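K.L.:
Predicted model and sequence follow; I will ask about them next.
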Amino acid sequence: MTLNLKNMRNFYSTNTFGAIRSRWSNNWSEAFFKLLFPQACKSCGVIIESGDKGEICPSCLAQITFLGTPCCPVCGLMFLKSGGDSHPCGTCKSTPPFFSQARSLVRYSGDVGTLIHSFKFRGDLSSLVTFGRWAENSVFSSLTPPDYIIPVPLHAKRIQERGFNQAALLAQVFFPQQKNKIKHFLYRRKNTTSQTQLGGVERRRNLKKCFALYPDVDVRNKIIYVVDDVYTTGTTVNECAKVLMKAGARCVEVATLAMVVRENE
């Protein structure tokens, strides 16, 4: 199948859920099975009963930091050592992003990283149960009601390899009552190097002019969410926001599963 611009958009839409033409096609039934029977904690392996917070044992759950205030009102960076009021962080003050505000559910840590890695690279879609429960009554409630919800797109070759776009699946469980607003309006011009081992400058260079809006899409005066898995430096979501704002969007807000928060921040 040749994935040119004309048929790429349909390819994104038909591969939203991962079970389509994927070696992990049985994961949805596996997830259902695990909800009915005792299972192992996805972080430490101890046997647990599925609970309100998903497939994490109480001990591991206690090690996860759910993000809140005080924080930067723009990027959502939580000030771990501050007992004061929320205020803009140094990065957002010196270099304001194209998005209006970003919020992440949890701080990126070893336990969270284990879940995300299993989800993205091993095709463990049952983790979505946990992520969806974390999103209930979360910091996402501070976001402005959107017109569209846009997952950060993967390159078509990456979707073929992985079988799904993790951002699209997260959008489904983050905002289950607004699934009709999830749109594949952005695409990747190039198959970029993984951002994982790159620094801030390298990340920006790697993603420069990477994203584009489909020609027939009109986002003028629309409020848009951009959804991704991990907020590290904000480069990826900011590049998406840049494209959307230049196309006339009223504002762009960001929802991610985890955020890298360092102790000295």
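P.N.:
Sure, I can see it. All values derive from a computational prediction rather than experimental measurement.
K.L.:
going forward, measure contacts and count neighbours with C-alpha atoms only.
P.N.:
Noted.
K.L.:
quick one: contacts for the most centrally placed residue in the chain?
P.N.:
By C-alpha atoms, centre = their mean, the chain has its centre lying nearest to residue 228, at 2.1 Å. Counting by C-alpha atoms under 8 Å, 6 or more residues apart in numbering, residue 228 touches 151-152, 166-167, 170, 237, 254-257.
K.L.:
what are the phi and psi angles of it?
P.N.:
phi -150, psi 180 (degrees, to the nearest 10).
K.L.:
From residue 148, how far out is it?
P.N.:
14 Å (C-alpha to C-alpha, to the nearest Å).
K.L.:
With residue 174 instead?
P.N.:
Taking C-alpha to C-alpha, one finds residue 174 at 14 Å from residue 148.
K.L.:
Doesn't residue 253 lie inside a helix?
P.N.:
No. Residue 253 is assigned strand when assessed by DSSP: H, G, I helix; E, B strand; the rest coil, not a helix.
K.L.:
Surely it touches residue 226?
P.N.:
Yes. The criterion here is C-alpha atoms under 8 Å, and residue 253 meets it with residue 226 at 6.2 Å.
K.L.:
so which helix or strand takes in residue 91?
P.N.:
With elements taken from DSSP states H and E, the one containing residue 91 is helix 90-94.
K.L.:
ok, then the element right after that helix?
P.N.:
strand 101-107.
K.L.:
Please, where are all the strands along this structure?
P.N.:
In the chain, the strands defined using DSSP state E lie at 39-40, 47-48, 101-107, 148-151, 186-188, 211-213, 223-231, 251-259.
K.L.:
Show me which residues of the fifth one are buried.
P.N.:
Neighbour counts over strand 186-188 (16 or more other C-alpha atoms under 10 Å) mark 186-188 as buried.
K.L.:
Counting neighbours, go ahead and name the busier of residue 174 and residue 148.
P.N.:
A direct count of neighbours by other C-alpha atoms under 10 Å for residue 174 and residue 148 places residue 174 higher, at 25 against 21.
K.L.:
That one contacts residue 135, doesn't it?
P.N.:
Yes. If you go by C-alpha under 8 Å, residue 174 and residue 135 touch, sitting 5.6 Å apart.
K.L.:
count of neighbours near residue 118?
P.N.:
16.
K.L.:
So it versus residue 149, what's the distance?
P.N.:
25 Å.
K.L.:
just to revisit the earlier point, and the residue nearest to the centre of the chain, what pLDDT?
P.N.:
On the pLDDT scale, residue 228 is placed at 97.
K.L.:
For it, name its beta-bridge partners.
P.N.:
residue 256 (DSSP bridges).
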